[in-house]
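Undergrad: Okay, predicted coordinates and the sequence, questions at the end:
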Amino acid sequence: MASTAEARALLQTHPVELPPEHVYFGPSETMQAVRQRIDRAAGLNVPILVLGESGTGKEVLARLIHDRSPWRDGPFVKVNCPAIPGSLLESELFGFQKGAFTGADAAKPGRMETAHGGTLFLDEIAELDASLQAKLLHVLQDGYFTRIGDHEERRMDARVICATNRVLAKEIANGGFRADLFYRINVISITLPPLRDRREDIPYLVEHLREQFNRRFKREAGPVSKEILHLLHHREWPGNIRELENCMARYVILGSEEAFHADRHQNQEKKPLSFAFEVNEDGKIPLKRIAQQVTRRMEHDVILKVLQANQWNRRKAAEILKISYRALLYKVRQAGLPAKRPLRKVADSEDGDMVTVDKSSLLD
Ligand SMILES: Nc1ncnc2c1ncn2[C@@H]1O[C@H](COP(=O)(O)OP(=O)(O)OP(=O)(O)O)[C@@H](O)[C@H]1O
Ligand SMILES: [Mg+2]
C-alpha cells in the first residue's frame with residue numbers, strides 16, 4: 001500500500017499543479033468570501049498575510065494571488081523560513097558580496113533580488129528568528145536592503161506575501177514575534193477555513209484529485225462511490241486538503257476503496273495510547289521491543305491491505321510496497337499471512353453445497 005509517507009514523498013517529487021479556480025474555491029460560502037477578498041487585494045501593492053491551519057492551501061493561494069496580480073509575469077520566489085537554518089537564511093534572503101564570510105567565493109543575489117518584479121513568498125513567517133524579524137521589518141519599512149558585506153542599498157521591488165499556521169497574536173503575546181512586523185505584513189489578511197468548515201467543497205476536490213493522480217500515476221481509478229463520499233463528508237480532516245490529497249493518492253494507486261478504510265484505521269491508530277504496550281515484570285518498558293512489535297503489526301496491516309487490494313498478487317504488491325519480491329515473501333511469512341489468497345466459502349452449487357474458490361492462483 002502507498003503509505004502516507006510514500007504518498008507524501010511522491011507528492012514532493014511531483015509538485016502539485018495549481019487547481020483550476022472553480023476547484024480551488026469550490027461553492028462553499030467561506031471560500032467564496034476568500035475569492036472576493038483576493039479579487040480586491042491581488043492587484044494592490046501591499047503585503048498580504050495568509051493564515052490557516054496546516055494543509056489548508058496557503059501556498060496554493062499565494063500562487064493564485066501572484067497569477068492574478070500585476071506581478072504575474074515576474075518570478076514567484078518562495079522562502080521556506082524554518083527549512084533554512086538561521087545564519088544561512090539571512091544570506092539566502094539578502095544575498096552576499098564576494099568575501100563577506102568564509103566560503104563566499106563569489107557574490108550571490110538573495111531571494112529578495114531574484115523576486116524582482118514578482119512575488120516574494122515568505123512561508124511559515126512565525127519561525128523567523130528575532131534578528132531576521134528586525135531586518136525584514138527594516139526592508140518593509142523603507143523598501144531598501146543591502147547584501148551581506150556590501151554597502152550599496154538595493155531597492156526591493158516585489159510584492160510580499162507571508163503565510164503562517166500559527167496564531168500570531170499569541171506569538172506576539174509570548175514575545176516570539178514582533179508586533180511592529182506583524183502590522184507591516186498584515187495590511188491585508190486572508191484566513192483559509194479548515195476543510196471541516198467547507199464540507200460542500202469536498203466532492204469537487206475529490207474529483208479533481210482523482211483526475212490529477214490518474215494522469216500523474218498513469219492509472220484509471222474510477223469515481224469514488226456515494227458511500228465513500230458520504231464517509232469523506234463526515235470526517236474531521238485534521239490535516240485538511242493535504243490529508244485528502246494523500247487519501248486520494250492512495251485510492252488511485254491502490255485502485256480500490258480499501259484506501260479510505262485504511263486511512264480511517266490509521267487515524268484511529270494515531271490516537272494516544274491506542275497501543276497497549278507491555279510493561280515488564282520489573283516495571284521497565286523496553287522501547288526497542290515495543291517499537292519492533294508496533295512495526296511488525298503495522299507491516300502486517302499494510303501488507304494485508306495491499307494484498308487484498310491486488311487479489312493477492314504478490315509481485316504487484318512488492319512493487320507497490322517498494323520492496324523486493326523475496327523480501328515480501330519473507331515478510332508475509334513473518335507476519336503469519338497466507339501465501340495465497342485465503343479460500344473463501346461460496347455457496348454456488350445448485351444443491352447448496354459449499355464449494356471453495358481461490359482465484360489468486362490464476363493471477364499469481
Ligand atoms: N483547492 C485545492 N485543490 C487541490 N489541491 C489543493 C487545494 N488546496 C491545496 N491543495 C493541495 O493541498 C496540499 C496542501 O496545500 P498547501 O501546501 O498550499 O497548504 P498549506 O496551508 O501551505 O500547508 P502547510 O501549513 O502545511 O504548509 C498541496 O499539495 C496542495 O497542492
Ligand atoms: Mg505551506
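TA: Cool, got the structure. Ligands and ions are numbered 1, 2, ... in the order given.
Undergrad: what residues are up against I190?
TA: V34, R37, I38, A41, I48, L49, V50, L51, L61 (Cβ atoms under 8 Å, 6 or more residues apart in numbering). Just so you know, the C-beta spots here come from the backbone N, C-alpha and C atoms, and that holds for glycine as well.
Undergrad: Dump the residues you listed into CSV; add neighbour count, secondary structure and pLDDT as well.
TA: CSV is the format used below for the contacts of I190 (neighbours: other Cβ atoms under 10 Å; DSSP: H, G, I helix; E, B strand; the rest coil; pLDDT from 0 to 100):
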residue, neighbour count, secondary structure, pLDDT
V34, 24, helix, 95
R37, 15, helix, 94
I38, 19, helix, 93
A41, 17, helix, 94
I48, 26, strand, 97
L49, 22, strand, 97
V50, 27, strand, 97
L51, 18, strand, 97
L61, 21, helix, 96
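Undergrad: so which strand or helix has Q141?
TA: Using DSSP states H and E, Q141 sits in helix 130-142.
Undergrad: elements contacting that helix?
TA: helix 86-94, strand 144-145, helix 179-185 (3 or more Cβ pairs under 8 Å, 6 or more residues apart in numbering; DSSP states H and E).
Undergrad: can you tell me which of these the model trusts least?
TA: For the helices and strands packed on helix 130-142, mean pLDDT drops lowest on helix 86-94, to a mean of 87.
Undergrad: buried stuff in that helix?
TA: Neighbour-count burial for helix 86-94, with 16 or more other Cβ atoms under 10 Å as criterion, is recorded at L89, E90, S91, E92, L93, F94.
Undergrad: Quick check, the residue in the stretch 201-350 of the chain closest to ligand 2?
TA: As assessed by Cβ to the ion, ligand 2 sits closest to R242 within the stretch 201-350 of the chain, at 9.0 Å.
Undergrad: Can you tell me the closest non-neighbouring residue to that residue?
TA: Nearest residue to R242, sequence neighbours excluded (Cβ to Cβ, 6 or more residues apart in numbering): G55, at 3.3 Å.
Undergrad: residues in the stretch 201-350 of the chain within reach of ligand 1, list them.
TA: By Cβ under 6 Å from any ligand atom, the part of the stretch 201-350 of the chain that sits against ligand 1 consists of L205, H208, I241, R242, E245.
Undergrad: Could you identify the most distant pair in the residues you listed?
TA: H208 and R242 (14.3 Å; Cβ to Cβ).
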